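>>> Curious how this folds, go ahead:
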Amino acid sequence: MSASRAAAWAAADPYAAALRTGRGPLFLRRSDGWLLPLEVERWCARADAVDRAVLDRCEGAVLDVGCGPGRLVAELAGRGRTVLGIDVNEAAVDHTGRLGGQALRRSVFEPLPGEGRWGTVLLMDGNVGIGGDPRALLDRVNRLLCPGGLLIAETVAVDVDERSEVQVVDGAEGRTGGGAFPWARLGTPALLRYAARAGWGADGQWTGGGRRFVALRSLPRSRIRVGGETLIASSSAEPPNSTAVISSQRARKPSADRPVADR
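Numbers count the residues shown, from 1 in each chain. As a prediction, the model looks like this:
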């Protein structure tokens, strides 16, 4: 996702306002007027039983991509797990910090701490749609995970493979925030197709509370050199088993016009 696209989401004032109040209604609106409700109240609550069952599957250090107000980061931190949330919205990062979690204002497509060493990456609450290009997102997540690492993604409850430009819309006042940005909606069959083509290993799929989830294993990697250039990352990178991965990655309050850049 380009910096301008990330800024469009980050500047979505109705979204930030909804996170601060913990209430909707809030929607993603396509150019044709179709509205996708966003579950603000659930996101701003504590992790529920379905969430906790997902988190029970996590391995090693966990990166929550698009952490929102931080319920999953806070739950894992409360369990004593090494966990970091990232989100392009400052209000989301601040909310995560207030819950006792650690988060950075950062896009998944920007440089991140611990690249190639995360044990688990989470794409929950529709975040498999980030960037509007599932293949690019899967490739990026593969580079974040340690070899054989785990991706847990929440998919749409119907069989859909859709890409579109959307805006955040305040359902109460009809306000929009920022510009349009690319988004995708994927059902489980579509995600498994993309993953299989990219060489991911299927590790399970399940449902809970009307929600659907897929677990995937990242690609094995080895270091090869062609013409003096390293093409594939080394598989010798150790997974992060302690807080050392993020011990120096305390989120600083970002400036208004750029994400946190400490690494």
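
>>> which parts of stretch 87-100 are buried?
Asp87, Val88, Asn89, Glu90, Ala91, Ala92, Val93, Asp94, His95, Thr96, Gly97, Leu99 (16 or more other Cβ atoms under 10 Å). (C-beta placed from N, C-alpha, C; glycine too.)

>>> what's the answer for stretch 103-116, then?
For stretch 103-116, by 16+ other Cβ under 10 Å, it's Ala103, Leu104, Arg105, Arg106, Ser107, Val108, Phe109, Glu110, Leu112, Pro113, Gly114, Gly116.

>>> Now intersect the residues you listed with the strands, please.
Counted as lying in strands by DSSP state E, out of the buried residues of stretch 103-116, are Ala103, Leu104, Arg105.

>>> Kindly state the beta-bridge partners for the last one.
The one in question is Arg105. On the basis of DSSP bridges, Arg105 is bridged to Asp87.

>>> and the buried residues of stretch 87-100, which two are the farthest apart?
Greatest spacing in the buried residues of stretch 87-100, by Cβ to Cβ: Val88 and Leu99 (18.3 Å).

>>> on that earlier part again, which of the ones in strands among the buried residues of stretch 103-116 sits closest to Trp43?
Looking across those and measuring by Cβ to Cβ, the closest to Trp43 is Ala103, at 13.8 Å.

>>> Do I have it right that that closest one meets Gly68?
No. With contact defined as Cβ atoms under 8 Å, Ala103 does not count as touching Gly68 (9.6 Å).

>>> Quick check: neighbours shared by the two?
Listed contacts common to Ala103 and Gly68 are Asp87, Ala92, Thr96; contacts here mean Cβ atoms under 8 Å, 6 or more residues apart in numbering.

>>> can you list those residues in JSON lines and add distance to Thr155 and pLDDT?
As requested, the shared contacts of Ala103 and Gly68 are arranged in JSON lines below (distance: Cβ to Cβ, whole Å; pLDDT from 0 to 100):
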{"residue": "Asp87", "distance to Thr155": "20", "pLDDT": "97"}
{"residue": "Ala92", "distance to Thr155": "22", "pLDDT": "95"}
{"residue": "Thr96", "distance to Thr155": "24", "pLDDT": "97"}
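
>>> and which of the residues you listed is nearest to Leu19?
Ala92 (5.9 Å).

>>> For the protein, which segments count as helices?
3-10, 13-21, 40-44, 49-55, 71-78, 90-98, 134-144, 188-197 (DSSP state H).

>>> Okay, now the unreliable bits of the stretch 151-263 of the chain?
172-178, 221-263 (pLDDT under 70).

>>> let's go with 80 and repeat that
Within the stretch 151-263 of the chain, the ranges that satisfy pLDDT under 80 run 171-178, 220-263.

>>> List the residues that contact the residue nearest to Asp139 when sequence neighbours are not counted.
Excluding the flanking residues, the one nearest Asp139 by Cβ to Cβ, 6 or more residues apart in numbering is Ala198, at 6.8 Å. Listed by Cβ under 8 Å, 6+ apart, the contact set of Ala198 reads Arg135, Leu138, Asp139, Asn142, Leu219.

>>> Any of the residues you listed buried? List them.
Applying 16+ other Cβ under 10 Å to the contacts of Ala198 flags Leu138, Asn142, Leu219 as buried.

>>> The last one is in contact with Trp200, isn't it?
Yep, that's Leu219 we're talking about. Yes. Applying Cβ under 8 Å, one finds Leu219 in contact with Trp200, separated by 6.7 Å.

>>> so what sits against both of these two?
Asn142.

>>> Geometric centre of the chain: which residue is closest?
Among the residues of the chain, the one closest to the centroid is Val65, at 2.2 Å (Cα atoms, centre = their mean).

>>> which one is Ser31 nearest to, not counting chain neighbours?
Glu165 (5.8 Å).

>>> Write down the beta-bridge partners of that neighbour, one by one.
Pro182.

>>> Would you confirm that it contacts Gly131?
No. Applying Cβ under 8 Å as the test, Glu165 and Gly131 come out as separate, 12.0 Å apart.

>>> These two - which one has more neighbours?
For Glu165 and Gly131, the more surrounded residue by other Cβ atoms under 10 Å is Gly131, and the numbers stand at 23 against 14.
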